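J.: Sharing a model that was predicted from the sequence below.
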Amino acid sequence: MSLRPPRLGQVSVPGRDTGLSVLEAEMMSEAAAALGRAGTRAEAALARLTDPEALEREGRDALLKAAAEAVWALFIQREACGMRDQKPVIADLGIPRAVLVRLGAR
């Protein structure tokens, strides 16, 4: 009689979700939703930079700070999702140089 150590993990059965695959799908779904929310916040903060009423009410410095924080959060979320190159999102959103400078970009 030989003894074998117990198997770790589950045997994959076609058409049947394992607890791990369900968890992974839920985590990917939440990461995608968080990325979408971060993108929406960044777009809104950048739009406020060009709103004359917001500029008058809050001031350019406050709006630049808010935009930089929103863009930074978007960059962090993109990196968490495995997207390391920020150049496409900078071009797509038209992120102004003044915002990027606040993030430490040159």
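T.: Arrived safely. Residues are numbered from 1 along each chain as shown.

J.: and residue 72, what element?
T.: Element membership of residue 72 [criterion: DSSP states H and E] is helix 60-80.

J.: buried set for that helix?
T.: 63-64, 66-75, 77-78 (16 or more other C-beta atoms under 10 Å). Backbone N, C-alpha and C define where each C-beta goes, glycine included.

J.: I'd like the average pLDDT over that helix.
T.: Per-region confidence: helix 60-80 scores 96 on mean pLDDT.

J.: quick one: average confidence on whatever helix or strand comes next after that helix?
T.: Using DSSP H and E, the helix or strand that directly follows helix 60-80 along the chain is helix 87-93. Throughout helix 87-93, pLDDT has a mean value of 96.

J.: picking that back up, could you dump the buried residues of helix 60-80 to TSV with distance to residue 42?
T.: Shown next, in TSV, are the buried residues of helix 60-80 (distance: C-beta to C-beta, whole Å):
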residue	distance to residue 42
63	13
64	13
66	10
67	8
68	10
69	9
70	4
71	5
72	9
73	7
74	4
75	9
77	10
78	10
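
J.: and those residues, which two are the farthest apart?
T.: 63 and 78 (22.3 Å; C-beta to C-beta).
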